[in-house]
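> Any chance you can model this:
(2 chains)
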Amino acid sequence: MTRKLFLLATGLFWLVVLGVWAASSRSPAPGEATPVRAMKRLPLTEVARHSSAGDCWMAIHGKVYDLTAYLPDHPTRPSVILPWCGKEASEAYRTKTKGRPHSAEADRLLAGYQIGVLEEGK
Amino acid sequence: MSIASRLSIPLIAAFLVGAPVFWAFPDELSGWRSFAIVAGWTGCGLLLASLLLMIREPWLASRLGGLERMYVWHHRLGMAAYLVLLCHPLALAADGWEEQPAFAWAELDPGQQGWPGWLGWAALLALMAGMAAALAPRLSYSAWRGLHALLAGAVVLAFAHLLQLGLDYLLLWTPLLAMSFMLWRLVRADYGGAARPYVVRQVHRLAPDLVEVSLAPLSQAISAQPGQFVLAAFLDGPRFRGCREFHPFTISALAADGRLSLGIKALGDCTRHFQSVECGVAARLQGPFGTFLADQPRGPSLWIAGGIGITPFLAVLRTRPLRQPVRLVYLHRSSRDAGYLDELQALAAAQPSLSLTAMANADGVPDLPAILPAAADLVGVHCHLCGPPGLLTAAVALLQARGVPRERIHCERFDFR
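Have a look, this model is predicted:
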């Protein structure tokens, strides 16, 4: 009985994983679906100049965001997010508290605040 | 079993699942992502409860309703944890699916992830492989034990997965407790830290595949009652090399000086090797465990023993005179295999309150409807059964069909896988 349950659950799991892979390989990649606008290349030194609550830029995963307008809506207290203004904040973004990264919803929300791409090595 | 013992394991499991889920419960996330997080922590809590039930300590077993019950729940909770943890990555994928299938695949594809994702996949695959090995029907006991290490590896990888995700300090206790339980089990049970030293003093070869070993304590003796069992590992002697694995054996005799005897039937590679054990071999014993035959009712009893399952009944008969009329049904394959038959016949002849029915069944399928008492003779009778799982299942079903209530049926199973 237990063994049958294990085999059934494991089989179903891999079937779903394969199904997701098959469906994704037939659908357009996310980048193809939404054309990327030409973005300004911004060095980290430029990002660092915007490090206050009234002018807050952050570099996350190679992109630069102006989050000034979003700061009042961020769910945590200001002391959690403000220290990251003007900085490379990918690690902080990945390791949100309570043991989890930011959600896919947050990823989509963040995309709306992008102002450029990070110029590498600067 | 008391209500406290009966509820102990479900309550502990509910706490170990509820506490991390409460702490980690997501705010303001989408439905699928919230479900994924709750599934992850529910799986962690269930695994934690399952690991707690692996700990082999007599004091813990007596509070949780016995070692056998602990192992049944260890399996149940382990399987529940596996099923819930399978939902964790699938729910993350479902969250992305709402946007488009490529986002769903991005949640599953190790090629699009970093260390948190790789460690999560490694933990899940180790759990999957460990579960497959744990449920494999034809693995030898030593291979089965060795492959169980995959499950321990899965717990360590899951810990690393949580750390990579940026585990909140308040939740650190979950993986730390899991590691502590595994370490406790390893040191106290598998390496014998909780076991006491004994030495083999006498060996009686009772049948081709059956020996009775008498062991004397080298330090403080185990304080056991007839009907209980110990876990024993045999080490080395002048010519004997033990396999050093702990196996459960029912005590077949207890002496006032702390000596005890174990009936050992060749049922696997290690127990077959024990058939050649000799005097002077060192052994380590852990226990005692079990409450079988602990409460002897005043009314009439029916004892049903299959093969080596005779040992707990023998321990009672050898220790003290019966206080109630007992009908003992001893089922064995052939008189050549029935190692204790002569002694049982002598005990029955000396005790009028003991009636013995010994039946040999060469094909291994006894005619239970003909052997067991009729419904009218089972009114008010307490039934105690010990033997192979197939025999117990058939006998219990028949006794219940003949009107014996479940609370009057007491079984002892040795199914520790």
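
> from here on, contacts and neighbour counts on C-alpha atoms
Noted.

> isn't B:Ser214 right next to B:Leu262, touching?
Yes - between B:Ser214 and B:Leu262 a contact is recorded at 6.6 Å, counting by Cα atoms under 8 Å.

> I'd say B:Gly403 and B:Pro373 touch.
No - using Cα under 8 Å, B:Gly403 makes no contact with B:Pro373, being 11.4 Å away.

> how does chain B divide up, domain by domain?
B:3-190, B:196-289, B:301-412 (automatic domain parsing).

> how about those, which one is nearest chain A?
Checking the domains of chain B against chain A by Cα to the nearest Cα gives domain B:3-190 as the closest, at 3.9 Å.

> residues near B:Ile251, how many?
Neighbours of B:Ile251 under the rule other Cα atoms under 10 Å in any protein chain shown: 28.

> Need the residue closest to the centroid of chain A.
Here the mean C-alpha position of chain A is nearest to the C-alpha of A:Asp107 (Cα atoms, centre = their mean), at a distance of 4.0 Å.

> What about B:Asp367, how many residues nearby?
Counted by other Cα under 10 Å, the residues lying close to B:Asp367 total 10.

> Check B:His148 too.
So B:His148, with other Cα under 10 Å, has 18 neighbours.

> now it, nearest residue through space, not along the chain?
Closest residue to B:His148 apart from its sequence neighbours, by Cα to Cα, 6 or more residues apart in numbering or on different chains: B:Gly130 at 5.8 Å.

> my guess is that neighbour meets B:Leu150, correct?
Yes - the criterion here is Cα under 8 Å, and B:Gly130 meets it with B:Leu150 at 4.9 Å.

> For A:Leu5, which three-state class applies?
What DSSP: H, G, I helix; E, B strand; the rest coil gives for A:Leu5 is helix.

> Kindly apply the preceding question to B:His75 instead.
Classification of B:His75 using three-state DSSP returns helix.

> pLDDT value on it, please?
Looking at B:His75, its pLDDT stands at 92.

> TSV please, covering the domains of chain B and showing distance to A:Thr2.
Formatted as TSV, these follow (distance: least, Cα to Cα, whole Å):
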stretch	distance to A:Thr2
domain B:3-190	8
domain B:196-289	23
domain B:301-412	16
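
> Domain-wise, how is chain A divided?
According to automatic domain parsing, the ranges for chain A are A:1-34, A:36-118.

> Checking B:Val203 next. Helix, strand or coil?
Applying three-state DSSP: B:Val203 is strand.

> Below-threshold pLDDT in chain A: ranges please.
Chain A contains residues with pLDDT under 70 at A:27-39, A:75-77, A:94-105, A:120-122.

> mind running it again at 80?
Along chain A, the parts satisfying pLDDT under 80 run over A:1, A:27-40, A:72-80, A:90-109, A:112, A:119-122.

> ok so, going back, out of the domains of chain A, which one sits most buried?
Most buried of the domains of chain A by mean neighbour count (mean count of other Cα atoms under 10 Å in any protein chain shown) is domain A:36-118; its value is a mean of 16.

> Could you count how many residues lie near B:Cys411?
17.

> Quickly find the element holding it.
If you go by DSSP states H and E, B:Cys411 is part of strand B:409-412.

> picking up where we left off before, possible to save the domains of chain A as CSV with distance to B:Phe274?
CSV is the format used below for the domains of chain A (distance: least, Cα to Cα, whole Å):
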stretch, distance to B:Phe274
domain A:1-34, 31
domain A:36-118, 50
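
> now the strands for the chain?
Answering for chain A, as no chain was given. Here chain A has its strands, by DSSP state E, at A:40-42, A:51-52, A:55-60, A:63-66, A:87-88, A:114-118.

> actually chain B
Secondary structure of chain B (DSSP E): strands at B:196-207, B:210-217, B:229-234, B:247-254, B:260-265, B:282-289, B:301-306, B:326-332, B:354-360, B:382-386, B:409-412.

> which helices and strands sit right next to the fourth one?
Right, strand B:247-254. Packed against strand B:247-254 by the contact rule (3 or more Cα pairs under 8 Å, 6 or more residues apart in numbering or on different chains; DSSP states H and E) you find strand B:229-234, strand B:260-265, helix B:311-319.

> Thought A:Trp84 was touching A:Val47, still the case?
No - between A:Val47 and A:Trp84 there is no contact under Cα under 8 Å: 10.8 Å.

> Pull up the overlap in contacts between the two.
Jointly contacting A:Val47 and A:Trp84 under the rule Cα atoms under 8 Å, 6 or more residues apart in numbering or on different chains are A:Met58.

> Please tell me how far the residue nearest to B:His148 sits from B:Thr319.
B:Gly130 is 43 Å from B:Thr319, where distance means Cα to Cα, to the nearest Å.

> residues contacting B:Leu398?
B:Leu368, B:Pro369.

> got it, and the one 4 residues further on?
Applying Cα under 8 Å, 6+ apart to B:Arg402 gives the contacts B:Ala374, B:Ala375, B:Leu378.

> Counting neighbours, which of these end up buried?
Taking 16 or more other Cα atoms under 10 Å in any protein chain shown as the criterion, what is buried in the contacts of B:Arg402 is B:Leu378.

> and the contacts of B:Arg402 as a markdown table, adding pLDDT?
Formatted as a markdown table, the contacts of B:Arg402 follow (pLDDT from 0 to 100):
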| residue | pLDDT |
| --- | --- |
| B:Ala374 | 89 |
| B:Ala375 | 90 |
| B:Leu378 | 88 |
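
> Report the contact partners of the spatially closest residue to B:Pro388 that is not a sequence neighbour.
Leaving aside its chain neighbours, B:Pro388 sits nearest to B:Gly306 (6.5 Å; criterion: Cα to Cα, 6+ apart). The contact partners of B:Gly306, by Cα under 8 Å, 6+ apart, come to B:Tyr330, B:Leu331, B:His332, B:Cys386, B:Gly387, B:Pro388, B:Leu391.

> one more time with 7 Å, if that's ok
B:Tyr330, B:Leu331, B:His332, B:Cys386, B:Gly387, B:Pro388 (Cα atoms under 7 Å, 6 or more residues apart in numbering or on different chains).

> Tell me how many other residues crowd B:Arg320.
B:Arg320 is flanked by 9 other residues according to other Cα under 10 Å.

> whoops, I mixed them up, B:Glu99
B:Glu99 is flanked by 14 other residues according to other Cα under 10 Å.

> do the same with B:Phe22
Neighbours of B:Phe22 under the rule other Cα under 10 Å: 11.

> measure B:Phe159 to B:Leu165 for me?
According to Cα to Cα, B:Phe159 and B:Leu165 sit 10 Å apart.

> who does B:Ser355 bridge with?
B:Ser355 has these beta-bridge partners by DSSP bridges: B:Arg327.

> Quick one: residues in contact with the helix or strand of chain B with the lowest mean pLDDT.
For chain B, counting by mean pLDDT, DSSP states H and E, helix B:141-147 ranks last in confidence among helices and strands (a mean of 81). For helix B:141-147, contacts defined as Cα under 7 Å, 6+ apart pick out B:Gly130, B:Ala133, B:Ala134.

> nearest to B:Gly120, of the contacts of B:Gly306?
For those, the minimum distance to B:Gly120 (Cα to Cα) is 40.2 Å, reached by B:Pro388.

> pLDDT weak spots in the stretch 251-400 of chain B?
Checking the stretch 251-400 of chain B against pLDDT under 80 turns up B:295-298, B:334-338, B:362-365.

> Next, the contact list for B:Leu85, please.
B:Leu85 sits next to B:Ala39, B:Gly40, B:Gly43 when contact means Cα under 7 Å, 6+ apart.
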